[in-house]
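In: Sequence plus predicted model, see below.
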Amino acid sequence: MLVDILRSTLPMAGSDVARDWDAFYAFLTWTSTIFFVGVVAAMVIFTIKYRHRAGHKADTEVHGNVPLEIVWTVIPTILVMVVFVWGYALYRDMVTAPGDSVEIKAIGKQWLWQFQYDDGRSYTNKVFVPVNRPVKFIITSEDVLHSFFVPNMRVKKDAVPGRYTTVWFEATAEGAHIVYCAEYCGTQHSGMLATVYAVSPEIWRRFIQGREIDENKLASGAADEVTMSAAATESKGGAERPISLIDQGRGLVASKGCVACHSVDGKQGIGPSLKGIHGAGVDFANGDHLEARDLNYLREAIEFPNARLVKGYGPMMPTFRGMVSETELTAMLEYIKSLK
Amino acid sequence: MAHTSHDGENYLNHEKGLWSWLSTIDHKRIGVMYLFTVLVFFFIGGVAAMLVRAELFRPGLTLMTADTYNKMFTYHGTIMVFMVVIPLIPSAFGNFVLPMMLGAKDVAFPKLNLASYYVWLAGALVATASLVVNQLDTGWTFYTPYSIRTSTSASWVLLGAFIMGFGGIFTSLNFIATIHKLRAPGLTWGRLPLFVWASYATAIVQLLATPVLALTLFLVVLERSTGIGIFDPKLGGDPVLFQHFFWFYSHPAVYIMALPAMGIISEVIPVHARKQVFGYWAIALATFGIALVAFVVWGHHMFVSGQSELANFLFSLITMFVAVPTGVKVFSWVATLYKGDLHFRMPLLYAFAFIFVFTIGGLTGVFLAALGSNVHLTDTYFVVAHFHYVMVGGTIMGMLAGLHHWFPKMSGRMYSEGWARVSWFLVFMGFNITFFPQFIVGSQGMPRRYYDYVPEFTTLNQISSVGAWIIGVGFVLMALYLLHALFRGAKAPPNPWGAATLEWAQDSPPPFHNFDKDPVVTHGPYDYRTSH
């Protein structure tokens, strides 16, 4: 009930986490209201009772009250600890993506969002996700900072150039959910909008089979009307099946000359083999150790290979900064990830 | 009571002519020069705010293009932060009042004090000139890599901010030395007015934090001019590192802005409630508690920046502890009213306004300190509302309490209480009408620094814009009655409020040398039994 009163001040809750978020927000709001009303009420009562008037004098002996001061130190301390623990627990849920999440790449650039699926399809300013399944976005930026913000899901994460960040949600409500850029990025910052379309399992099934979705018909609901037939999909330029990210990556790793030094089958070369390096630990020449090589490490190794040299290898590799685009990098890393 | 000085000689008429002001090493005159200059910048920053709100009255183009709008909120933020809110209370009121509160003839290093004014002014002028000539559209936070790549010129504005920092460092050095060395006989640490405690804590924070900002801004200038890779990932730099550096200064800066205002409130409430402050040591210690914690919470600005989860955990935890001493202060101020004899004069009315808005600012800070709630609310209008409730509500309301409290001392004149109340009402109501709707529009998801917005947000934005204009009218009215008071106001008695601190123990305006006879302190700062 207390949550309901605040509903109008919040966007629609499009996921279970968003509902949890609203409950926490309601707790914060009502606790704060109690404190605020208490402070103002005391002020008003004292204002009336102790206003200056003929014959009234201040009691100059009051200058403190140790028990009272302890109480108003200890109670807020306990309360903020409750807030901290609750806030942290909620946060853990918000940032820990389940292992079986659908993965989508999101690249921010001045001033649009580009979304890439593993099958190679990519969309600008719109992205389709299934309802009732966790979806994880791997986010980066091609130029300056942006921030991927979906108010209905109560999630937000900065898109940082030169680095991957992630955000996830599990939409429970079908329909369109607006995406804002929440980190100032120049002229069209406020125009950098996108839409997340959460679609039914049936439409999603057709989508991942390669059919295109007509988002304007989503409201009508019927899967047959919403997803175009294979023929219509082809006539809309889908004639050539897009090349999956892994295949794109395989081609790039070959054409950029990576394979001259890095084998893909575990054979020793001039540089470390790419096989199985994603997620594996490594020792560096400077004595440091990395527990698991993640995407951020791998992109650093491509763009700035001499930043951290793997133990036993010399500074031979040229930098690829500026030689590979953000989308190419995404494909190459997807391929390297697949070399298990 | 006051020592009647000879023939109405005072610091204002002791010497005449513009040069006597520009070359003065009198802390009172330097304080007045700071106040005047800062108010000029406040006017400029305020006009920029009015234009921002006018543009936001409707979605889409209302008045100006997106690029112009982006520059406008950058001017508003940069001017208000670096040229108004940071120097306002320490440099203007601190300079004027602090040495007198201590019973000193001046600050410890009067020439350094004058130098601080000119260094700060030079920085402010460099920044302003650059804003006009080269323009800037990065926002006041100068986040990289945007600030490295923008076609507008960040370099000169950053250099200006860098130079202004030294002005703040000089002032802080001066205050620390003055408080340690120049207290009147009998003025023990336990008898220091709380404004002095607040200024002391502020000076320490400013002294330690400003060099970090200076270095950071210098690195950005270096990166922009030479292309070495520090913050721009294109060059192998790290944009999140900039945020760490920037907030390592700019978070303590929030307390550089807020603590002196709290000091003023601690001063004003006892005087106008005619009562000893409640919990003197609790307030003094809370001031230092806040100053200390201020240094280790900067990462709470970066919960969604991609910094590590461990960092998020720790910064959120530590930030929670800011709420405790802040709460102690608010409770102590309200408790000071208990069994008092409340005179509803302007300083007390502004103190009420301060407590009202600052409490909202503080409580909404908890929403942003908690990790889960922060994720949705950060970078939205909720944050804009929160920091305006803290900075305008806190610092500006505190400043206005101080201005109305010390105006008779500074000018030797009384202002019109009636007009002042009308203006107070407009500023207080206007403020809440402007910024409260922003909490809601932010919770609904409207990001900050948005030129355009979805139609659903129109009504709340329009209320907010109307509120801003009400504040504007309130301030124009204030300028009018204060100017009128300067020239036509009734002569102020030495101690119109019956205060017990030393700056009131002399004529209004004070004589050039502050004290004809060195004062000896025999009672606490809020002991009104003897003085009334």
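Out: In hand now; what should we look at?

In: where does the longest helix along chain A sit relative to the chain's centre, distance-wise?
Out: As assigned by DSSP state H, the longest helix anywhere in chain A is helix A:16-49. How far helix A:16-49 lies from its chain's middle: 30 Å, per C-alpha atoms, centre = their mean, to the nearest Å.

In: Report how many residues lie close to the nearest residue to B:F218 once chain neighbours are set aside.
Out: Spatially, and ignoring its direct neighbours in sequence, B:F218 is nearest to B:F162 (6.1 Å; C-beta to C-beta, 6 or more residues apart in numbering or on different chains). C-beta here means a position set from N, CA and C on the backbone, and glycine is covered the same way. For B:F162, the neighbour count with other C-beta atoms under 10 Å in any protein chain shown is 21.

In: B:F162 reaches B:G123, doesn't it?
Out: Yes. Look at B:F162 against B:G123 with C-beta atoms under 8 Å: they come within range, at 7.1 Å.

In: so, in contact with chain B or not, the longest helix of chain A?
Out: Yes. Helix A:16-49 reaches chain B (C-beta under 8 Å from any C-beta of the partner chain) through A:20-21, A:24-25, A:28, A:32, A:35-36, A:39-40, A:42-43, A:46-47.

In: Mind giving me the packing neighbours of that helix?
Out: helix A:2-6, helix A:66-95, helix B:309-337, helix B:346-369, helix B:371-377 (3 or more C-beta pairs under 8 Å, 6 or more residues apart in numbering or on different chains; DSSP states H and E).

In: Can you name the element that comes right after the helix or strand of chain A with the lowest mean pLDDT?
Out: Here the helix or strand of chain A ranked lowest by mean pLDDT, DSSP states H and E is helix A:230-233, holding a mean of 62. Using DSSP states H and E, the helix or strand that directly follows helix A:230-233 along the chain is helix A:245-255.

In: now the helix or strand just after that following helix, how far from the chain's geometric center?
Out: Using DSSP H and E, the helix or strand that follows helix A:245-255 in sequence is strand A:282-283. Here strand A:282-283 is found 28 Å from its chain centre; the criterion is C-alpha atoms, centre = their mean.

In: My guess is B:G442 contacts B:A385. True?
Out: Yes. Assessed by C-beta under 8 Å, B:G442 is found in contact with B:A385 at 6.1 Å.

In: tell me, how many neighbours does B:P211 end up with?
Out: 13.

In: ok, it to chain A distance?
Out: 26 Å (C-beta to the nearest C-beta, to the nearest Å).

In: and that residue, what helix or strand is that in?
Out: helix B:194-226.

In: can you pull the contacts of residue 280?
Out: Looking at chain A here, since you left the chain open. A:A292, A:R293 (C-beta atoms under 8 Å, 6 or more residues apart in numbering or on different chains).

In: um, chain B though
Out: Here B:Y280 is in contact with A:H63, A:G64, B:G190, B:L194, B:G524, B:Y526 (criterion: C-beta under 8 Å, 6+ apart).

In: let's see 10 Å
Out: A:63-64, B:190-194, B:197, B:266, B:270, B:332, B:336, B:524-526 (C-beta atoms under 10 Å, 6 or more residues apart in numbering or on different chains).

In: right, is the helix or strand following the helix holding B:P211 up against chain A?
Out: Following helix B:194-226 in sequence order, the next helix or strand is helix B:239-273 (DSSP H and E). Yes. Applying C-beta under 10 Å from any C-beta of the partner chain, one finds helix B:239-273 touching chain A at B:P239, B:V240, B:F242, B:Q243, B:P270, B:H272, B:A273.

In: how big is the angle separating the next helix or strand after helix B:239-273 from helix B:239-273?
Out: Using DSSP H and E, the helix or strand that follows helix B:239-273 in sequence is helix B:280-293. With axes from the mean of the first three to the mean of the last three C-alpha atoms, to 10 degrees applied, the angle from helix B:280-293 to helix B:239-273 works out at 170 degrees.

In: Any buried residues in helix B:280-293, and which?
Out: Within helix B:280-293, the residues that qualify as buried are B:Y280, B:A282, B:I283, B:A284, B:A286, B:T287, B:F288, B:G289, B:I290, B:A291, B:V293, counting by 16 or more other C-beta atoms under 10 Å in any protein chain shown.

In: Can you tell me how far B:I265 is from chain A?
Out: 13 Å.

In: Touching, that residue and B:F354? I think so.
Out: Yes. Here B:I265 reaches B:F354: they are 5.4 Å apart, a contact under C-beta atoms under 10 Å.

In: which residues touch A:L329?
Out: A:I107, A:T140, A:Y164, A:G249, A:L252, A:L295, A:L298, A:R299, A:I302, A:E303, A:F320.

In: Which one of those sits in the busiest neighbourhood?
Out: Result: A:T140 is most packed of these (other C-beta under 10 Å), 25 neighbours.

In: now, among the buried residues of helix B:280-293, which is nearest to B:N312?
Out: Of all the buried residues of helix B:280-293, B:N312 sits closest to B:V293, with 17.0 Å by C-beta to C-beta.

In: Could you list which residues are in contact with that closest one?
Out: B:H251, B:P252, B:Y255, B:I318, B:T319, B:M320, B:F321, B:V322, B:A323, B:V324, B:P325, B:T326.

In: please redo it, this time with the cut-off set to 7 Å
Out: Residues in contact with B:V293 (C-beta atoms under 7 Å, 6 or more residues apart in numbering or on different chains) are B:I318, B:F321, B:V322.

In: pLDDT value on it, please?
Out: Per-residue pLDDT puts B:V293 at 92.

In: One more: B:S147?
Out: pLDDT at B:S147 comes out at 88.

In: Quickly find the element holding it.
Out: Assigned by DSSP H and E, B:S147 falls in helix B:146-149.
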